[in-house]
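Student: Fold the following for me, if possible:
(one chain, ligands or ions: 1)
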Amino acid sequence: MPTNIIDGKEISFQIRENIKLEVEELIEQGITPGLAVVLIGNNPASRTYVTNKQKSCKAMGMHGVLIEFPETISEEALLNKIRELNTDETIHGILVQLPLPKHISDAKVIEAITPEKDVDGFHPINVGKMMIGQDAFLPCTPYGIMEMLRMKGIEVEGKHVVIIGRSNIVGKPAGQLFLKENATVTYCHSKTKNLPRITHQADIIVAAIGRAKFIKDEYVKDGAIVIDVGMNKDEDGKLCGDVDFESVKQKASYITPVPGGVGPMTITMLLQNTLKSAKDVLKHR
Ligand code: NAP
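Tutor: This is a model prediction of the structure:
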């Protein structure tokens, strides 16, 4: 069976073209969507992510603000900055880049962001609303996966989706979004017994594990759709996913590559969420 490679860059490009147009329209109505990204410390990976988010934001015609603090900033000072951004009318989305230094509580920081500007979709209010199917900011990576499938015309209803990984930012919410689209969802994690037996029953596999090339072809049934969320380094230091792309692509009907699959979609959905937030402001004017 010929495998279709799902091109996340191309799909992102199409969504971003639409975002650009909507931003132009909003600007004409007096609102420039604004995203504030807060970076603490000097983690090189975090800096790369933040720089990419800033660049993408500017390319859309949005107002992007980068706020940097040293590793030593106190929790209270950071919370105060977030409270200030909550009331800043030029800012529609607030994102605090994780991980945070050990002396700062992730939960406190996430909960300090007003749910109306929580464009990462991590605030418990947004998580709860997503769970019960209410309008909410969806977490960007799972949202990106769903948009990717939708834009490829891949039907989800009735499919058995096996998600490997149960983190709050990827695995768990991804399962909820598939459930909402009437899929049958199975979650697997590090304590799951006989993983290949379960993944072999999947019509769609979502690998969000964080282990290089962990999913081999024997985990995958013929014709399955394989979504690779992983971002790891291989033995040569090159970026690779959780899926052994070369062997699995022989069996899958569709597969996402790394790089160029889920990754670009994540930032695109952050932009989409920031746009949504700005449009909500206009609606309530
Ligand atoms: P995480 O919080 O470390 O969660 C990893 C999950 O994988 C956990 O639920 C863990 O199970 C499970 N797991 C670990 N080893 C396993 C094994 N041997 N068998 C089955 N399950 C296993 O990671 P995350 O934040 O969800 O990220 C996952 C991957 O996606 C990472 O590579 C990350 O860099 C990448 N990522 C990519 C994007 C993107 O935009 N492309 C965005 C976010 C994350 P337990 O719960 O039992 O420990």
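
Student: The residue nearest the centre of the chain sits in which helix or strand?
Tutor: Computing the C-alpha centroid of the chain and ranking residues by CA atoms, centre = their mean puts Thr141 first, at 1.8 Å. Mapping Thr141 onto the secondary structure by DSSP states H and E places it in helix 140-151.

Student: Gln14 too?
Tutor: In this structure, Gln14 is located in helix 8-28 according to DSSP H and E.

Student: Buried residues of that helix, list them for me.
Tutor: The neighbour-count check on helix 8-28 (16 or more other CB atoms under 10 Å) flags 8, 11-12, 15-16, 19-20, 22-23, 26 as buried. Where you see a C-beta, it was placed from the backbone N, CA and C, and this is true even at glycine.

Student: can you check stretch 90-98 too?
Tutor: By neighbour count, and taking 16+ other CB under 10 Å as the criterion, the buried residues in stretch 90-98 are 91-97.

Student: for Val96, phi and psi?
Tutor: Geometry field for Val96 lists phi and psi as phi -100, psi 120, criterion degrees, to the nearest 10.

Student: List the contacts of it.
Tutor: For Val96, the contacting residues are 38, 40, 78, 82, 109-110, 113, taking CB atoms under 8 Å, 6 or more residues apart in numbering as the criterion.

Student: what two of the buried residues of helix 8-28 are the furthest from one another?
Tutor: Taking CB to CB as the measure, the buried residues of helix 8-28 span a maximum distance of 25.7 Å, between Gly8 and Leu26.

Student: how about the residues of the stretch 51-200 of the chain near the ligand?
Tutor: Residues of the stretch 51-200 of the chain found near the ligand, taking CB under 6 Å from any ligand atom as the criterion, are 141, 164-167, 169-171, 188-192, 195.
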